[in-house]
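> what shape does this take:
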Amino acid sequence: MLPSPAAEPSPTPDTSSPAHVFVIVLENRSYSQVAGSGYIGDLVAKYGVATNYHGVSHPSLPNYLAMTSGTTWGVADDGWHNLPAGGLGAQLTSAGVDWRAYMEGMGADCYRNGNGYALKHDPFAYYGGQCPSQVVPFTRFASDMSGTVPRFVWITPNLCHDGHDCPNADVNAWLAQTVPTILSSDAWKNNGVLFITYDEGEDSANSVLTIVVRANQANQRSDNSYDHYSLLASIEDLLGVPRLGDAAQANPMTDLLQVRPSKTPPRLNASSA
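Model prediction:
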């Protein structure tokens, strides 16, 4: 059961930055394959939806890199690439913004695949060739949500729950357990925002569903052209850090966020932090 937004005469733009930003990344579905499906369909009917959002490449890894550094680094496969230190995680750490990335199925070693965990879906491990201490197993998620919640929370489900190896029904069931935990937290209720997106679509346009979940938000559709660089730009604007790489030229999803940044932050190289 989704929490009902508080009634208000008409939504007005929120010019303050959310205290917390949450991101869930799912796998390998085009917009038309999931927009009306189960729990995802419930979210689509209640919150903000980007109807013209696209992945930036194929296969998975370059899309995850785009979301966290503003560039694909020319990567066109899912293999190991020891990229320069930097990216969104290092940028937030340098800015004093606490963050955590929850990886379902991950053991003590973020470089070891297994138990549904796939390194190619953990972009933070690629920058600088080391696994940041902020990358933790998903088993910590529930207790963290009832305690001190980081300002930025990234969630990668396992290979079944993200849709990579399992049907939409499994994704919906996992979301129906996980999303309410976020939406019942004080962190989200206090002007937080949750982004749910897919890494890539299966159609020729690489179209993916992206949902923006905020309290007191009227159901809204945006036909503006967005992609993973738009997502990164939105995250960085909301957390008050400069945009990395191609996020500098991207359009942030301000219509769905009801947030209007006063100015565009300066561009940083993807390796800067």
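> after the longest helix seen in the chain, next one along is what?
If each helix of the chain is counted by residues according to DSSP state H, the longest one is helix 168-183. Taking DSSP states H and E as the definition, the helix or strand that follows helix 168-183 towards the C-terminus is helix 186-189.
> in that following helix, which residues are buried?
Of the residues in helix 186-189, those buried by neighbour count under the rule 16 or more other C-beta atoms under 10 Å are 187-188. Backbone N, C-alpha and C define where each C-beta goes, glycine included.
> circling back: quick one: list the elements packing against the longest helix of the chain.
Applying 3 or more C-beta pairs under 8 Å, 6 or more residues apart in numbering; DSSP states H and E, one finds that helix 168-183 makes contact with strand 21-26, helix 31-34, helix 38-46, helix 141-145, strand 193-198.
> one more time with 7 Å, if that's ok
Of the remaining helices and strands, those touching helix 168-183 by 3 or more C-beta pairs under 7 Å, 6 or more residues apart in numbering; DSSP states H and E are helix 38-46, helix 141-145.
> who's in contact with the first one?
It refers to helix 38-46. Residues external to helix 38-46 that are found in contact with it (C-beta atoms under 7 Å, 6 or more residues apart in numbering): 2, 34-35, 168-169, 172, 175-176, 196, 211, 213, 219.
> run a quick neighbour tally on the residue nearest to Ala169 when sequence neighbours are not counted.
Distances taken as C-beta to C-beta, 6 or more residues apart in numbering put Gly38 closest to Ala169, at 6.8 Å, once the chain neighbours are dropped. For Gly38, the tally of surrounding residues (other C-beta atoms under 10 Å) stands at 15.
> let me know the pLDDT of Gly38.
Gly38 carries a pLDDT score of 95 in this model.
> same list, the contacts of helix 38-46, but as TSV with neighbour count please.
Conversion of the contacts of helix 38-46 to TSV gives the following (neighbours: other C-beta atoms under 10 Å):
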residue	neighbour count
Leu2	15
Val34	21
Ala35	17
Asn168	17
Ala169	12
Asn172	20
Leu175	20
Ala176	16
Ile196	23
Ile211	21
Val213	22
Asn219	11
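> rewinding a little: mind checking the helices and strands packed on helix 168-183 for the one nearest to Ile155?
helix 141-145 (7.1 Å; C-beta to C-beta).
> give the buried residues for the closest one.
Buried residues in helix 141-145 (16+ other C-beta under 10 Å): 141, 144-145.
> before we move on, back to that, of all the contacts of helix 38-46, which two lie farthest apart?
By the measure C-beta to C-beta, the contacts of helix 38-46 have their two most distant members at Ala169 and Asn219, which lie 23.9 Å apart.
> my read is that Asn28 contacts Asp162, right?
No: the pair Asn28 and Asp162 does not pass the contact test of C-beta atoms under 7 Å, sitting 8.3 Å apart.
> where along the stretch 51-200 of the chain do the strands fall?
Shown for the stretch 51-200 of the chain, the strands assigned by DSSP state E, counting those that start in this stretch span residues 53-54, 99-103, 135-137, 152-156, 193-198.
> reformat the ones you listed as JSON lines; add distance to Gly128 and mean pLDDT.
Compiled in JSON lines, the strands of the stretch 51-200 of the chain are given as follows (distance: least, C-beta to C-beta, whole Å; pLDDT from 0 to 100):
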{"stretch": "strand 53-54", "distance to Gly128": "29", "mean pLDDT": "98"}
{"stretch": "strand 99-103", "distance to Gly128": "15", "mean pLDDT": "98"}
{"stretch": "strand 135-137", "distance to Gly128": "12", "mean pLDDT": "98"}
{"stretch": "strand 152-156", "distance to Gly128": "17", "mean pLDDT": "98"}
{"stretch": "strand 193-198", "distance to Gly128": "25", "mean pLDDT": "98"}
